[in-house]
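[1] here you go, sequence then predicted model.
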Amino acid sequence: MDKAKSNTKRKALWVAIGIIAAIVLLFSLLVTQMPKGFTSDLELIGTGKPAVVFVYDPNLVSSITQTEQMNEARDHLGDNVHFLLARIATPEGEAFISKHNAQLTELLLFDPAGNLTKRQLAVIDANELMRWVR
């Protein structure tokens, strides 16, 4: 009888370990699939890589759609391009908007030296963004 209890406890332990391992694996997969955030560090413009800056208003649906397209483009382009946000209602974002006379939901492309080369209102799909940079 003690042997049966021992085997049952051992099986329960392995089941518990298996469940914990499955939860950890699932959590890891979810974390790796989450979209990466965008930085608002506009000082990255002109640091040797092209930069796409999006004038971001969190209250607009088009902002959410555009950041999804930017995420997709970033997945393909990797770290060869800076994808940045100029957030409204922040000192840095408002200074950028004023300096470049930018509009809400506008995308601006800067070359590696920091020169403004293109601008267009959102929503621009990922393929078009990749063509912009190339």
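    Nice, I can see it. If you're wondering where the values come from, they're calculated on a predicted model, not measured in any experiment.
[2] which elements pack onto the longest helix anywhere in the chain?
    In the chain, with assignment by DSSP state H, the single longest helix is helix 2-33. In terms of contacts (3 or more Cβ pairs under 8 Å, 6 or more residues apart in numbering; DSSP states H and E), helix 2-33 is not packed against any helix or strand. All C-beta spots, glycine's among them, are computed from the backbone N, C-alpha and C.
[3] so which helix or strand takes in Glu92?
    Counting by DSSP states H and E, the element that carries Glu92 is helix 91-99.
[4] just give me how far that helix sits from the chain centre.
    21 Å (Cα atoms, centre = their mean, to the nearest Å).
[5] one more: stretch 53-61?
    Centroid displacement of stretch 53-61 relative to its chain, using Cα atoms, centre = their mean, is 13 Å.
[6] mind listing what's buried along it?
    Buried positions in stretch 53-61, judged by neighbour count with 16 or more other Cβ atoms under 10 Å: Val53, Phe54, Val55, Tyr56.
[7] just stretch 66-78 next, same as before
    Neighbour-count burial for stretch 66-78 [16+ other Cβ under 10 Å]: Gln66, Thr67, Gln69, Met70, Glu72, Ala73, Arg74, Leu77.
[8] which SSE is immediately downstream of the helix or strand where Val53 lies?
    Of the helices and strands defined by DSSP H and E, Val53 is found in strand 51-56. In the C-terminal direction, the helix or strand that comes right after strand 51-56 (DSSP H and E) is helix 61-77.
[9] report the angle between that following helix and strand 51-56.
    Helix 61-77 runs at 160 degrees relative to strand 51-56, counting by axes from the mean of the first three to the mean of the last three Cα atoms, to 10 degrees.
[10] output helix 61-77 in PDB with nothing but the alpha carbons.
    Taking Å, rounded to 0.1, in the frame of the first residue of the first chain, the C-alpha atoms of helix 61-77 are listed here in PDB:
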ATOM      1  CA  VAL A  61      -8.000  54.500 -34.500                       C
ATOM      2  CA  SER A  62      -5.800  55.300 -37.400                       C
ATOM      3  CA  SER A  63      -2.800  55.600 -35.000                       C
ATOM      4  CA  ILE A  64      -3.400  52.000 -33.800                       C
ATOM      5  CA  THR A  65      -3.700  50.800 -37.400                       C
ATOM      6  CA  GLN A  66      -0.500  52.700 -38.500                       C
ATOM      7  CA  THR A  67       1.600  51.300 -35.600                       C
ATOM      8  CA  GLU A  68       0.500  47.800 -36.600                       C
ATOM      9  CA  GLN A  69       1.800  48.500 -40.100                       C
ATOM     10  CA  MET A  70       5.000  49.900 -38.700                       C
ATOM     11  CA  ASN A  71       5.400  46.800 -36.600                       C
ATOM     12  CA  GLU A  72       5.100  44.600 -39.700                       C
ATOM     13  CA  ALA A  73       7.600  46.700 -41.600                       C
ATOM     14  CA  ARG A  74      10.000  46.600 -38.700                       C
ATOM     15  CA  ASP A  75       9.700  42.800 -38.600                       C
ATOM     16  CA  HIS A  76      11.000  42.800 -42.200                       C
ATOM     17  CA  LEU A  77      13.600  45.600 -42.000                       C
END
